[in-house]
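**Student:** build the 3D model from these lines:
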Amino acid sequence: MALIFFDLDGTTLYEGKPAPRVLESMELLRKNNHIIAIATGRSPILLYDKDKDLNTDYLVLSNGYYVTHKGKVIFEKYIPNESVKRFMDYADKHKADLVIEYKDRYVSYKKDTDVADRFSDLFAIDKPKLDSKFYPEENVFAMVVFETEDVEAMKEAFPELQFNLSNALGYDVNIKGDMKAEGINALIKYLDYPEDEVYAIGDGHNDISMIKAVKHGIAMGNATKELKAVAEYVTTSVNDAGVYNAMKHYKLI
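**Tutor:** Okay, the predicted model is just below:
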């Protein structure tokens, strides 16, 4: 019986909807008694019941920093509030649009252009509303900074944070660490699962640590070249039944 971690966007989802043969794959995996887990960069507010689509309650969210099972929090790690405030000040000074991801809100701290809305369109998520207030009492899962030429300068200014290119428009900003690898390892330890039976499949830069952390790492055909380079197997693309073909390749279905 396998434990399989599935990325969402670009892997099981295309433009926010289940990709070809994904739901069929999930049904067949469940019939074979495998455990399905989600491992995504999306924070809880942006999940939009995708866990119900895949019929799983094993959730590794916010690029690995919020892990739950049946509502029980197994692992959590947030951006320090002091770092959030400094980043807001930096965005003001350098004129960078910035989105903040709280547990129950996805808002734009700074929204001088439409880039945050275009970013949302690419992932079929709600457009963030402007809220230029600092909430020191609230936990921040992640931030998104957009279309900036200053990302290298940002990395130097915020050594405690990690920047991952999400798409051509923006960077996911998280607390520095092994990201998805930390989250999936927390769940593996919680379940006391044998490492030889753990699989993971994804397509983006934020999936690299996850793919490297498991025994069987799978890259989608549409994955970045960096991810393909560390994968055990490369399947077909998201719109060419990539998930289904990968599960067939490993004889899990």
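
**Student:** how near is the residue positioned nearest the centre of the chain to residue 222?
**Tutor:** By CA atoms, centre = their mean, the chain has its centre lying nearest to residue 41, at 1.6 Å. Using CB to CB, to the nearest Å, we find residue 41 at a distance of 16 Å from residue 222. No exception for glycine: its C-beta is placed from N, CA and C like everyone else's.

**Student:** mind checking the backbone torsions on the residue nearest to the centre of the chain?
**Tutor:** Backbone geometry at residue 41, expressed as degrees, to the nearest 10, gives phi -80, psi -10.

**Student:** ok, now how distant is it from residue 96?
**Tutor:** With CB to CB as the criterion, residue 41 and residue 96 are 19 Å apart.

**Student:** same question, residue 202
**Tutor:** 27 Å.

**Student:** who has more neighbours out of these two?
**Tutor:** When neighbours are counted by other CB atoms under 10 Å, residue 202 and residue 96 differ, and residue 202 comes out ahead with 30 against 21.

**Student:** you'd agree that one is up against residue 223?
**Tutor:** Yes. Under the criterion of CB atoms under 8 Å, residue 202 makes contact with residue 223 at 7.0 Å.

**Student:** so which helix or strand takes in residue 221?
**Tutor:** Residue 221 belongs to no helix or strand when assigned by DSSP states H and E.

**Student:** quick one: residues contacting the closest residue to it other than its chain neighbours.
**Tutor:** Leaving aside its chain neighbours, residue 221 sits nearest to residue 237 (3.6 Å; criterion: CB to CB, 6 or more residues apart in numbering). Taking CB atoms under 8 Å, 6 or more residues apart in numbering, we find residue 237 in contact with 220-222.
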